[in-house]
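Participant: Show me how the following folds:
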Amino acid sequence: MHSTMTTVQNLQAIITALANEKGGVGKTTLTAIFIAMLARLGYRVLGIDLDPQGHLGLLYGYHRITIGESVYSILLKYKPDVLSGPRAPMKRVLKKTLVDSSGRIFDPRQPTGDGLDIVLRKVSSQEQIETIVRAVAPDLLDNAAAGPFPASTIWYSIQQKITAALHYCDEQAFEADETETYINDLIVKETTGRYTAETWQQAQERIDAEVWTLLQQRIAESTPGPDLLPINAGAGEADTDLKKAHEYWGGQLRHALHRLQSDYDYIFIDCPPSIQSLTINALNAAQFVCIPLTPETLDLEGMVGLLDVIEQAQRQTNPDLKLAGIILNKVQSTWKLHQDGARDLRSWEGAVRVFNTEIKRNSPVVTSISNQSLIVLDQQESDYARAYWLLLEELLAVIGGPAQEVVSQIADTIRKEAQIRKEKKQAKQQVKKIEEVTASRKRA
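Facilitator: You can find the predicted model right below:
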């Protein structure tokens, strides 16, 4: 949809946090979409997942249970002088992301034979896995107990049983030969004698090799996405552990980004749905903060509490922090509740900027996510995707940076195309009206 731009080197990244005390307002989706759009244009972009739920990482193919060291591990482990020093430990947990030719995001790490559910997140489609399993193990479908299930489903089901059996053998402290016999008997039973442990392993190795080749092909045909600092499950204890580990715990992220800021044009931070240690770290590290919310009573009340925390950070720890504005997200324009909430917010005496572009509540965004993509990647020409470009234009008008001009050009094109569509629609309506009048006169 849009051409790429050459990035400007040797500038300090603009750091923006998306925060709200309430969950479910769309912080993560907005963060993921903003960094995807900017990366698509060729800018150097980093997304930081500070929510212990790890959903930003998940959207980019990294499940928190597969992450060892993470952004939180580094914040917890190192003192400020090490974080901001030449070792730059945060750099070693950076992850690359890839977007394939169909707009799907995937984890480029090597797949393993631990289960086809893992493999499916790495190769392009279940159909490709099905083709591989059918080619390697065509006799698997002859299993009378298989029923109507695909070969890949049968294979995965048996693989799960093997994994569970290995855990059982380990718990029972079986000797190696006992385990081998137990697993062999299981495979013979599950495949009605078509496989032994040895032939099953040989088939598994062939499947792994085919999938590895498929993954390499997918990587070769993909384009780079934004860099990512994912989080792991241990971050759930941040409010206890981080405060115990460091006297000035609220500045850890600021120190950690000191060595990263010159590597990027933009850094976006996805904050947890609470005003605790990780959100405080984000506010102390950022230059700008955006507040996404839906125009409902509870969201508006939560915003007031966050504004107090932002003002406190500005006074005490981060005088450079600015409130970029409020994003009205998941808006149902036909609901009176949302209409009234949006109107009240825009007329609020506090004079907080509310961006003009409202993101409507819509199912295509969810559909894209369920397909391991984002609406600006796999439905680029949709009105929903265009709305995010208009919103990004407004945001960049506040925070600045090298992408401002090109995004404004994209937004101008979107507005012109919308005007053309509107005029065509009006012309059709006018023609229809004339035809109706003409037909009425003829009947008279």
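
Participant: Show me which residues of the helix or strand encompassing Leu242 are buried.
Facilitator: Under DSSP states H and E, the secondary-structure element containing Leu242 is helix 238-245. For helix 238-245, burial by neighbour count (16 or more other CB atoms under 10 Å) applies to Ala238, Asp239, Asp241, Leu242. For the C-beta atoms, the positions are set from N, CA and C on the backbone; glycine is no exception.

Participant: Are there helices or strands packed against the helix or strand that it is followed by, and which ones?
Facilitator: Beyond helix 238-245 on the C-terminal side, the first helix or strand identified by DSSP H and E is helix 252-257. Helix 252-257 is packed against helix 71-77, helix 80-83, helix 277-285, with contacts defined by 3 or more CB pairs under 8 Å, 6 or more residues apart in numbering; DSSP states H and E.

Participant: Select, out of the ones you listed, the one closest to Met37.
Facilitator: Relative to Met37, the nearest member of the helices and strands packed on helix 252-257 by CB to CB is helix 277-285, separated by 20.8 Å.

Participant: Packing partners of the very next helix or strand once past that closest one?
Facilitator: With elements assigned by DSSP H and E, the helix or strand that comes after helix 277-285 is strand 288-293. If contacts are counted by 3+ CB pairs under 8 Å, 6+ apart, strand 288-293 sits against strand 14-18, helix 27-40, helix 297-316, strand 322-328, helix 383-399.

Participant: low pLDDT regions in the chain?
Facilitator: Flagging of the chain using pLDDT under 70 yields the residue ranges 1-11, 110-125, 141-148, 297-302, 349-351, 444.

Participant: Where does the record place the domain boundaries for it?
Facilitator: Domain assignment of the chain by automatic domain parsing yields the ranges 14-104+223-402, 111-220.

Participant: Check the offset of the last one from the chain's centre.
Facilitator: In this case it means domain 111-220. 30 Å (CA atoms, centre = their mean, to the nearest Å).

Participant: ditto for the longest one
Facilitator: Between the mean C-alpha point of domain 14-104+223-402 and the mean C-alpha point of its chain there is a distance of 10 Å (CA atoms, centre = their mean).

Participant: Pull up the distance across that domain, start to finish.
Facilitator: Using CA to CA, to the nearest Å, the span of domain 14-104+223-402 from its first residue to its last is 10 Å.

Participant: related to what we said a few turns ago, check the domains of the chain for me and report the most buried one.
Facilitator: Ranked by average neighbour count under the criterion mean count of other CB atoms under 10 Å, the domains of the chain are headed by domain 14-104+223-402 at a mean of 19.

Participant: do you know how far the spatially most central residue of the chain is from Gly236?
Facilitator: Residue closest to the mean C-alpha point of the chain, counted by CA atoms, centre = their mean, is Leu59 at 2.9 Å. From Leu59 over to Gly236 the distance is 19 Å, taken as CB to CB, to the nearest Å.

Participant: for Pro108, same thing?
Facilitator: Pro108 sits 27 Å away from Gly236, taking CB to CB as the criterion.

Participant: Also Gln372?
Facilitator: When CB to CB is the yardstick, Gln372 and Gly236 sit 25 Å from each other.

Participant: next one: Glu381
Facilitator: When CB to CB is the yardstick, Glu381 and Gly236 sit 40 Å from each other.

Participant: and if you look at Thr31?
Facilitator: 20 Å.

Participant: what's the answer for Asp81, then?
Facilitator: For Asp81, the distance to Gly236 (CB to CB) stands at 27 Å.

Participant: Now Ile267, what are its backbone angles?
Facilitator: phi -130, psi 130 (degrees, to the nearest 10).

Participant: Identify the bridge partners of it.
Facilitator: The partner list for Ile267 in beta bridges (DSSP bridges) reads Ile15, Leu46.

Participant: could I get the helices and strands packed on helix 252-257 as TSV with distance to Thr97?
Facilitator: What follows is the helices and strands packed on helix 252-257, written out as TSV (distance: least, CB to CB, whole Å):
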stretch	distance to Thr97
helix 71-77	15
helix 80-83	24
helix 277-285	20
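
Participant: so who does Thr279 touch?
Facilitator: Ala17, Ala19, Leu50, Cys271, Pro272, Val309 (CB atoms under 8 Å, 6 or more residues apart in numbering).

Participant: Now with 10 Å, please.
Facilitator: Thr279 makes contacts with 17, 19-21, 50-51, 238, 250, 269, 271-273, 289, 306, 309, 313, as judged by CB atoms under 10 Å, 6 or more residues apart in numbering.

Participant: was I right about Glu417 contacting Arg386?
Facilitator: Yes. In this structure, Glu417 is within contact of Arg386 by CB atoms under 10 Å, at 8.3 Å.
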